[in-house]
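J.: okay, here's the prediction I keep looking at, along with the sequence it came from:
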Amino acid sequence: VGHHAFSAEFDKDAPINIEGKVSKVEWINPHAWIHLDVVQPDGSTQTWMVEGGTPNTLLRAGIHKRSLPIGSDIKVRGYQAKDKRCEPACKANGRDLTFADGRKVFMGSSGTGAPRDGSDPRER
């Protein structure tokens, strides 16, 4: 997946708030991906792939591979992909990530056309 504008892949009118366990972290350029297993109301599990900024951007924000161990609980706020099929996983662009201890960090990439939603400290 190459670098893209937010609006090419994600829906600014489809905000998401998901909570789940980290199942995989792809620490790759141009966007890191955090995979989450989210338990649905019916008890089934839905996998989400959440796109973040570059690994370097995440490191500067305080997110690194070791801070997201497999099985750790996190919450992510962001926007769902325009393609809502969820196969093989639901996709979203993450704006901020909240760790189990309540610490919240910006995980998005700036200047990609994502909504100015207050999550990027550089927008203020």
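T.: Structure received.
J.: element containing Leu36, please.
T.: Using DSSP states H and E, Leu36 falls within strand 33-39.
J.: could you name the helices and strands sitting against that strand?
T.: Applying 3 or more Cβ pairs under 8 Å, 6 or more residues apart in numbering; DSSP states H and E, we find strand 33-39 packed against strand 10-26, strand 45-51, strand 73-81. The C-beta positions use only the backbone N, C-alpha and C, and glycine is treated the same way.
J.: which residues touch it?
T.: Identification of contacts with strand 33-39 by Cβ atoms under 8 Å, 6 or more residues apart in numbering yields 18-26, 45-52, 68, 74, 76, 89, 94, 97, 107.
J.: make it 7 Å
T.: Contacts to strand 33-39, defined as Cβ atoms under 7 Å, 6 or more residues apart in numbering, come from residues 18-26, 45-52, 68, 74, 76, 89, 94.
J.: swap in stretch 56-64?
T.: For stretch 56-64, using Cβ under 7 Å, 6+ apart, the contacting residues are 32, 52, 97, 105-107, 109.
J.: list the pairing partners of the strand holding Leu36 within its sheet, with orientation.
T.: Sheet pairing of strand 33-39 (DSSP bridges) gives strand 10-26 (antiparallel), strand 45-51 (antiparallel).
J.: quick one: closest of those to Asp101.
T.: strand 10-26 (14.3 Å; Cβ to Cβ).
J.: so who does the residue nearest to Thr98 when sequence neighbours are not counted touch?
T.: Distances taken as Cβ to Cβ, 6 or more residues apart in numbering put Lys75 closest to Thr98, at 4.2 Å, once the chain neighbours are dropped. By Cβ under 7 Å, 6+ apart, the residues touching Lys75 are 17, 19, 98.
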